[in-house]
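[1] build me a structure from this.
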Amino acid sequence: MAYLLDTGILLRAFDPASGDYERVLRSLDLLWQRGETLFVTVQNIAEFWNVATRPIANNGLGLNAVEVAKQLQAIEDFAIVLTESAQSFAVWKRLVIEQSVVGAKVHDARSASVMLVAGIANILTLNERDFRRFAGLSPISPANVTPS
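    Here you go, the predicted structure:
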C-alpha cells in the first residue's frame, strides 16, 4: 500500500522534544518494515521547511537552513516527493468549492487533491479529522499502525 505522510508526521519525526516523537518513529519504522511506499507532497515539504526554520518563540523548531536541508534530504531518502499537476489543481479547486474549505484547511485539500490524482488512499496524520471530509481518503493515526 501507499501512504502519504502529513506535515505533522514529518515535523514530529525530527523533533525529539515532541510527545509524539517515539510514536511517529515507531509507525514509520513499521510501515517501512511492511514494505509500504511512502510519499510526501511539495506542499508538505514547504510546510515542513516553514515550521522547522521558524523561531521557537513563533511556534517553530528554530533550526537553521543547513540543519533543515539535511532533514529534507533524509525525507527524500525514505519518501517519494509527489508534484502537483493541472489535474490535481482541478481536483483541489473542486474540493474547496464543493466543501467550502476555508483558511489553513486549504492546505489539507491541496494534499488530498494530489493524493486522489496519484491514487493514494492512506494518509498518516496526527489530525485524522482534517482528512475525513475527503471521500476516498483513509486518514490513519500513528497509534493505529500495526505490524503486518
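
[2] please verify my assumption that Tyr21 contacts Leu10.
    No. If you go by Cβ atoms under 8 Å, Tyr21 and Leu10 don't touch, sitting 12.0 Å apart. Heads up, the C-betas are built off the backbone N, CA and C, glycines and all.

[3] on the three-state scheme, Leu61 is what?
    Following DSSP: H, G, I helix; E, B strand; the rest coil, we place Leu61 in the coil state.

[4] how about it, what does it touch?
    Leu11, Phe14, Asp15, Val51, Ala52, Thr53, Arg54 (Cβ atoms under 8 Å, 6 or more residues apart in numbering).

[5] nearest to Ile97 among the residues you listed?
    Lowest distance from Ile97 to those (Cβ to Cβ) belongs to Val51, with 27.9 Å.

[6] and that closest one, how many neighbours?
    A count of nearby residues for Val51, using other Cβ atoms under 10 Å, gives 20.

[7] how close does it sit to Asp20?
    Here the criterion is Cβ to Cβ, to the nearest Å. By it, Val51 lies 14 Å from Asp20.

[8] same deal with Leu137?
    21 Å.

[9] same thing with Leu124?
    Distance from Leu124 to Asp20, by Cβ to Cβ: 12 Å.

[10] now for the two: what residues contact both?
    By Cβ under 8 Å, 6+ apart, the residues touching both Leu124 and Asp20 are Pro142.

[11] secondary structure element for the residue nearest to Ala143 when sequence neighbours are not counted, which one?
    The shortest distance from Ala143 to any non-neighbouring residue, by Cβ to Cβ, 6 or more residues apart in numbering, is to Arg23 (6.2 Å). Using DSSP states H and E, Arg23 falls within helix 21-33.

[12] that helix: what's the following helix or strand?
    strand 37-41.

[13] quick one: that following strand to helix 21-33, angle?
    Strand 37-41 runs at 120 degrees relative to helix 21-33, counting by axes from the mean of the first three to the mean of the last three Cα atoms, to 10 degrees.
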